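> give the three-dimensional model of this entry:
(chains A, B, C, D, E and F, ligands or ions: 6)
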Amino acid sequence: MKPCKRIEIVIEEPMAPRLVSMLKGLKVSGYTAIPNASGDGDRGTRRGDELAGDSSNTLFIIACEDDRLVKKIVEKVRPLIQRSGGICLVSDAHWLTH
Amino acid sequence: MKPCKRIEIVIEEPMAPRLVSMLKGLKVSGYTAIPNASGDGDRGTRRGDELAGDSSNTLFIIACEDDRLVKKIVEKVRPLIQRSGGICLVSDAHWLTH
Amino acid sequence: MKPCKRIEIVIEEPMAPRLVSMLKGLKVSGYTAIPNASGDGDRGTRRGDELAGDSSNTLFIIACEDDRLVKKIVEKVRPLIQRSGGICLVSDAHWLTH
Amino acid sequence: MFLENLSSPPLLFFFLGVLAVLVRSDLDVPGQIARFLSLYLLFAIGFKGGVALAESELDTTVLLTLLAAMAMSALVPLYTFFILRRRFSIADAAATAATYGSVSAVTFITATGYLTTQGVHWNGYMVAAMALMESPAIIVGILLYTRYRESSGDQVRQGVDWPGLLRESCLNGSVLLILGSMAIGWITGPEGMKEVAPVVKDLFLGVLCLFLLDMGIVAARRLGDLRRSDTNSGERSPLPAMVSLSLALPVFNAVLALTVGRFLGLGEGDLVLFTVLAASASYIAVPAAMRLALPESNPSTYLPMSLALTFPFNLLIGIPVYHHAAKWLLAG
Amino acid sequence: MFLENLSSPPLLFFFLGVLAVLVRSDLDVPGQIARFLSLYLLFAIGFKGGVALAESELDTTVLLTLLAAMAMSALVPLYTFFILRRRFSIADAAATAATYGSVSAVTFITATGYLTTQGVHWNGYMVAAMALMESPAIIVGILLYTRYRESSGDQVRQGVDWPGLLRESCLNGSVLLILGSMAIGWITGPEGMKEVAPVVKDLFLGVLCLFLLDMGIVAARRLGDLRRSDTNSGERSPLPAMVSLSLALPVFNAVLALTVGRFLGLGEGDLVLFTVLAASASYIAVPAAMRLALPESNPSTYLPMSLALTFPFNLLIGIPVYHHAAKWLLAG
Amino acid sequence: MFLENLSSPPLLFFFLGVLAVLVRSDLDVPGQIARFLSLYLLFAIGFKGGVALAESELDTTVLLTLLAAMAMSALVPLYTFFILRRRFSIADAAATAATYGSVSAVTFITATGYLTTQGVHWNGYMVAAMALMESPAIIVGILLYTRYRESSGDQVRQGVDWPGLLRESCLNGSVLLILGSMAIGWITGPEGMKEVAPVVKDLFLGVLCLFLLDMGIVAARRLGDLRRSDTNSGERSPLPAMVSLSLALPVFNAVLALTVGRFLGLGEGDLVLFTVLAASASYIAVPAAMRLALPESNPSTYLPMSLALTFPFNLLIGIPVYHHAAKWLLAG
Ligand SMILES: Nc1ncnc2c1ncn2[C@@H]1O[C@H](COP(=O)(O)O)[C@@H](O)[C@H]1O
Ligand SMILES: Nc1ncnc2c1ncn2[C@@H]1O[C@H](COP(=O)(O)O)[C@@H](O)[C@H]1O
Ligand SMILES: Nc1ncnc2c1ncn2[C@@H]1O[C@H](COP(=O)(O)O)[C@@H](O)[C@H]1O
Ligand code: NA
Ligand code: NA
Ligand code: NA
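Ligands and ions are numbered 1, 2, ... in the order given. The predicted model follows:
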């Protein structure tokens, strides 16, 4: 087990492809995305019932052991969620090496 | 990045609206909800295959920086999951401010 | 609230039943599973669009207070994700007792 | 008689679903699809019932039937509760009683399909009877629980939220969709039917096949849970009681309904449907309502009983037997 | 006149959905099902339009109508923006303007159903007009925003991604599916229609019922959000302005379209559809595009306006009124 | 000949899906819907096949055809494995071999649609042949892997779970649903067909359009992955080999099947279907089974080959060419 950071991002569904291409641009080694999350926040309720995904959130989980990369990701996430809403949490975890 | 608590609650789907109105009553600033989770616990298997949602779980994620509010949430969650099952985990995280 | 470990496993959907029976074999007290996760990693993109689930991931969350059991779980997860891909993260949390 | 019923495609697909679980195949109907198929069936049966209502006359038999249906739904939980109390916790007894007082829309729908195939006429207002039978059982179940929980010294944590409960029981999704579709079918009449007949009528039996395939899968899984829970914790779950009750209760309720229905002067088709309603147990609306109203009741008690035992029993044996009994009663 | 429209099953199911939210029932259409029903409707209307196109002659009226449709879609946002700017932020004004310049496929589809029921003929190329009206409004909306944001001193964080935006507006899923289905219907013609008619034609109105049931639920929820957001933060959201504009804009745009359409020499059915297109506002394609192009605009401004107010207004009052106006214009 | 096939709506919707990915549109069919459409197609083709079986006589040709089909499914992976081994890892070669030995139900279904449109008769037992061809290839693939992995010195981590594997290969969801629907169709016969014909027959081609739309999207995405994976890690993935093999293998297998089928004395329609079965490669059942049985094989090898290359090749070029070849053979 190696120590790593666990980044968790909630972002609205139409923005998810942008986040993915941002992660790819940073050569992040992997991510997991969970669709159809609903939620509530400063920008009102997202019910996940919309016909074109514009009322749903996607939850991203990214495990990353390189602290500098974590910083870069967070810095690039900031403007995305600043403009269109969402949250980004970072916590400590241990990653099973294989 | 500001330190915060990350509250994670698994609760059965029919109870989810109650949890939401409880959170609203406490003026929690936001939450994210992920539907259609299956699971297993003391009350048997929930397969997420039921026709009216009574065999699915919903996963809630709540970021909260106010420790007193965290305590209040946890206290109000306790009777809910005591009666109808589920779990509530609290951990430390850092929240991206924007 | 009692201290516990929060184990988080991402594994491809066809392997999920194996993980479940492994957990049952270890007499784990409970788990939560979230289907239809997409993702990216060493083995390419899993889009969650496949017709038989072979391009989707399932996210497992397991709260466990017994450190020896956590070790056993992790050891049994290792060969699964070694052969077919995925990640396993372990972090600290507090579990609401009820 | 049995063979005829057995050779209907919807029923055979139910068994295909059961088989899939028995041989541990990964055959599965996605969750949102299953919910949608059930919405469709409620929409179609409601609309058809409403149009039939618009085409028929409303007389006192109709009114009496509807009242009798509601009375049955309130009465059944009463005696069921006292039968169950000896083996079940109070919460479980109340929830199971409500389950058996209420109805299974799919059993009803399958019975209408069976009657249509047999060429037996039935009246549209029986759909209204079905919709009206969902709620009284829920209310009686909760009443029984609050009454007996107190007397048995349980700690009362919180009062029952009656307005919320009434909304839950009378306006839950299934009830509202059936009643709403009936109303719309009734308003738009045969004209409206012409527009939506390809969906409401033509697709009905084919969709029922796919839905019962899923029901077979879900029912067989619950049956497995039942067996497993028994071997794990031998003490609490009274498996033999559960099995015998889930086969005895529908028969008992059917006999009662046949008597009442004969007394009301129902025709052959309506008598069969009335009997099926009384004999069937809910596994969608009531379990969902019980999670909210009686969260301390254990769904692994009443769900496998109604879904894995009573439902296939009615489908396979009940419907043709009730039909024969009705014919015999009406001939006698 | 109103009663006729009111007694059509699809519209009544819309109200059933609204009712379900009002009485706080848990009736709900699963999300993926709702998306699929909308894909089906676009597929069916596109295919029907394409086959109709293959069977008719293309003349200058057709070309002029298509051009006029695109011009309307570009023109409407222009004046709407300046009306809105006084009460809305620039981003919100631009997004709302684009919403009203674009069209609601479901309103159009309901109008075709209404015309069919009324026995009024309409031409397949109106489907093409609908598809062509989605994009210009989006582009004009963004142009307005970039133009006025700068002059008003907003900090420009990043330039507009024009290639991406054009792709978003001209090739979004709905537009591509309508245009693609039209093309396929046009290529395969009546021969192709024979193969898929049971799905494309027969199921249409029945599926529309189920889809409008969901639309009723979604619209009523948005209406609730609107009310709530107003009481919470009285200052920012100009609720009275939003309500009056979402009723005034469709009427204004309809009058304009009736004038233009009369001038183009459209027949009764096409004139009604042209008017409906101008009067309707997008709540699927444009809001999705705006989330990407103008994320600082607030969807809780324009979504409730178009979905919870303008959409039911057009469905209930608009369509029959536009029809009467068209008949009156053509008679005069 | 090609133009005829090209102007069928289902095929054109496949290309619409491909186009949507090429122009980077966000057109998408929700995942649960796609799975349900595929369940529907298996259900419908199975039921139709079963009813056709009930109406025809079973003679030795039928038995021989079924045996030959299973033999083909076991034989094809054998030579494919040895062709592939030179460029692929042993696990990848075994998995790809199993993929090509097995069949694509959708290619088969599209071929039946093609034949129906062309007015060519085919027999219901070909559906059984399809269902029987899924499993042998999987078993042979695993056998090859266990045999050659050992001899090549790979570390054996765990023995193969043969009972589990047999269940996986013979009772996976698709196989069970086809065989089960066939059995039900066969039991209920033309009587049963009357009840479900609107769903099973009438909707078939329309639903196939929507399903192929999704297949086009999925296939084009996989093709993109293929290109990308090649530029990223030039060394491992033998892109040119993959492309040429995914076009050569269907042709080779088709020639073999035409020879065998001619020898068996199959009629025109059955010969085409037999050839299509041999030429097609699985992209649902086998990849899913391989994830469990050979997790060290790389799905980004065999999935793009079968789904993004062989599948459209058969759809577009294969089916009409095999048809011409069959006609030529039978005339000769
Ligand atoms: N405190 C929070 N905890 C968890 N999720 C949140 C929180 N705040 C916002 N979110 C999520 O982020 C989305 C957008 O938030 P906002 O930009 O605040 O409207 C919401 O719909 C929630 O899903
Ligand atoms: N140890 C655990 N770890 C993760 N999830 C759990 C755990 N225990 C229970 N759960 C979740 O909570 C639900 C209800 O649990 P229970 O009340 O124990 O039956 C289960 O269906 C699981 O989804
Ligand atoms: N660094 C990571 N963070 C989050 N999820 C990951 C990461 N790496 C891999 N995954 C997930 O694990 C799956 C399989 O990963 P892999 O075996 O690396 O292809 C991916 O599809 C992702 O869902
Ligand atoms: Na009953
Ligand atoms: Na408009
Ligand atoms: Na093959």
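> quick one, what contacts A:R46?
Residues in contact with A:R46 (Cβ atoms under 8 Å, 6 or more residues apart in numbering or on different chains) are A:12, A:38-40, A:55-57. C-betas here are computed from N, CA, C, even on glycine.
> give me the phi and psi for it.
The phi/psi pair for A:R46 (degrees, to the nearest 10) reads phi -110, psi 120.
> low pLDDT regions in chain A?
Low-confidence segments of chain A (pLDDT under 70): A:52-53.
> near chain C, which residues of it?
Contacts of chain A with chain C, taken as Cβ under 8 Å from any Cβ of the partner chain, map to A:1, A:4, A:6, A:20, A:23-24, A:29-36, A:61, A:63, A:91-96, A:98.
> do that again at 6 Å, thanks
Chain A comes close to chain C at residues A:6, A:30-34, A:63, A:93-96, A:98, as judged by Cβ under 6 Å from any Cβ of the partner chain.
> which of those count as buried?
Applying 16 or more other Cβ atoms under 10 Å in any protein chain shown to the residues of chain A next to chain C, the neighbour count classes A:6, A:30-34, A:63, A:93-96 as buried.
> okay if I get those as a markdown table plus secondary structure?
Below are these laid out as a markdown table (DSSP: H, G, I helix; E, B strand; the rest coil):
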| residue | secondary structure |
| --- | --- |
| A:R6 | strand |
| A:G30 | coil |
| A:Y31 | strand |
| A:T32 | strand |
| A:A33 | strand |
| A:I34 | strand |
| A:A63 | strand |
| A:A93 | strand |
| A:H94 | strand |
| A:W95 | strand |
| A:L96 | coil |
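> report how many residues lie close to the closest residue to chain F within the stretch 151-300 of chain D.
At 2.5 Å from chain F, D:G206 is the closest residue in the stretch 151-300 of chain D, using Cβ to the nearest Cβ. Neighbours of D:G206 under the rule other Cβ atoms under 10 Å in any protein chain shown: 24.
> equivalent analysis for the one 5 residues further on, please.
By other Cβ under 10 Å, 26 other residues sit near D:F211.
> how much space separates the residue lying closest to it once chain neighbours are set aside from chain C?
Closest residue in space to D:F211, ignoring its immediate chain neighbours: D:L37 at 4.2 Å, by Cβ to Cβ, 6 or more residues apart in numbering or on different chains. Distance of D:L37 to chain C, given as Cβ to the nearest Cβ, to the nearest Å: 19 Å.
> tell me the pLDDT of D:L37.
With respect to pLDDT, D:L37 scores 94.
> residues of the stretch 201-332 of chain D that sit close to chain B?
Counting by Cβ under 6 Å from any Cβ, the stretch 201-332 of chain D sits next to chain B at D:218, D:284, D:287-288, D:291-292, D:295-296, D:300.
> what about 7 Å?
D:218, D:221, D:225, D:229, D:284-285, D:287-288, D:291-292, D:295-296, D:298-300 (Cβ under 7 Å from any Cβ of the partner chain).
> show me what contacts the spatially most central residue of chain D?
By Cα atoms, centre = their mean, chain D has its centre lying nearest to D:S104, at 1.3 Å. By Cβ atoms under 7 Å, 6 or more residues apart in numbering or on different chains, the residues touching D:S104 are D:280-283, D:311.
> any idea what A:Y31 is bridged to?
Taking DSSP bridges as the rule, A:Y31 bridges to C:D40.
> list the contacts of it.
Applying Cβ under 7 Å, 6+ apart, the residues contacting A:Y31 are A:23, A:60-62, C:39-40.
> any low-confidence regions in the stretch 1-150 of chain D?
Applying pLDDT under 70 to the stretch 1-150 of chain D flags residues D:1-6, D:150.
> for chain A, give me its nearest residue in chain D.
For chain D, Cβ to the nearest Cβ, closest residue to chain A: D:Q32, 10.1 Å.
> name the nearest residue to that residue, ignoring sequence neighbours.
Closest to D:Q32 by Cβ to Cβ, 6+ apart is E:P30, at 3.7 Å.
> ok, that neighbour - how many residues close by?
22.
> surely it and D:A34 touch.
No. The criterion here is Cβ atoms under 7 Å, and E:P30 misses it with D:A34 at 9.4 Å.
> can you list the residues of chain D near chain C?
Close to chain C, as judged by Cβ under 7 Å from any Cβ, chain D has no residues.
> quick one: contacts for the closest residue to ligand 2 within the stretch 51-200 of chain D?
At 15.2 Å from ligand 2, D:A91 is the closest residue in the stretch 51-200 of chain D, using Cβ to the nearest ligand atom. By Cβ under 7 Å, 6+ apart, the residues touching D:A91 are D:145, D:294, D:296-297.
> from those, which two are the most distant?
D:Y145 and D:E296 (9.3 Å; Cβ to Cβ).
> which of these two has more neighbours?
Between D:Y145 and D:E296, counted using other Cβ under 10 Å, the more crowded position is D:Y145 (26 against 17).
> ranges for the helices of the stretch 101-250 of chain D?
D:105-118, D:125-132, D:134-151, D:162-170, D:173-197, D:204-232, D:239-264 (DSSP state H, counting those that start in this stretch).
> same check, this time on chain A
Listed in chain order, the helices of chain A (DSSP state H) span A:16-25, A:67-84.
> who does the longest one touch, helix- and strand-wise?
With contacts taken as 3 or more Cβ pairs under 7 Å, 6 or more residues apart in numbering or on different chains; DSSP states H and E, helix A:67-84 sits against strand A:2-12, helix A:16-25, strand A:57-64, strand A:87-95.
> how far does that helix sit from its chain's centre?
Here the centre of helix A:67-84 is set off from its chain's centre by 9 Å, with Cα atoms, centre = their mean, to the nearest Å.
> quick one: is it near ligand 3?
No. Between helix A:67-84 and ligand 3, judged by Cβ under 6 Å from any ligand atom, nothing touches; the nearest distance is 10.3 Å.
> residues of that helix that come out buried?
Result for helix A:67-84 [16+ other Cβ under 10 Å]: buried residues A:69-70, A:72-74, A:77, A:80-81, A:83-84.
> for it, C-alpha coordinates in PDB please.
Provided in PDB are the C-alpha atoms of helix A:67-84 (Å, rounded to 0.1, in the frame of the first residue of the first chain):
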ATOM      1  CA  ASP A  67       1.400  15.600  -4.900                       C
ATOM      2  CA  ARG A  68       2.500  18.100  -7.600                       C
ATOM      3  CA  LEU A  69       0.000  16.500 -10.000                       C
ATOM      4  CA  VAL A  70      -2.700  16.800  -7.400                       C
ATOM      5  CA  LYS A  71      -2.000  20.500  -7.100                       C
ATOM      6  CA  LYS A  72      -2.200  20.900 -10.900                       C
ATOM      7  CA  ILE A  73      -5.500  19.000 -11.100                       C
ATOM      8  CA  VAL A  74      -7.000  21.100  -8.300                       C
ATOM      9  CA  GLU A  75      -5.800  24.300 -10.000                       C
ATOM     10  CA  LYS A  76      -7.400  23.300 -13.300                       C
ATOM     11  CA  VAL A  77     -10.600  22.200 -11.600                       C
ATOM     12  CA  ARG A  78     -11.100  25.500  -9.800                       C
ATOM     13  CA  PRO A  79     -12.200  27.600 -12.800                       C
ATOM     14  CA  LEU A  80     -14.500  24.800 -14.000                       C
ATOM     15  CA  ILE A  81     -16.500  24.600 -10.800                       C
ATOM     16  CA  GLN A  82     -16.200  28.300 -10.200                       C
ATOM     17  CA  ARG A  83     -18.100  29.000 -13.400                       C
ATOM     18  CA  SER A  84     -20.600  26.100 -13.400                       C
END
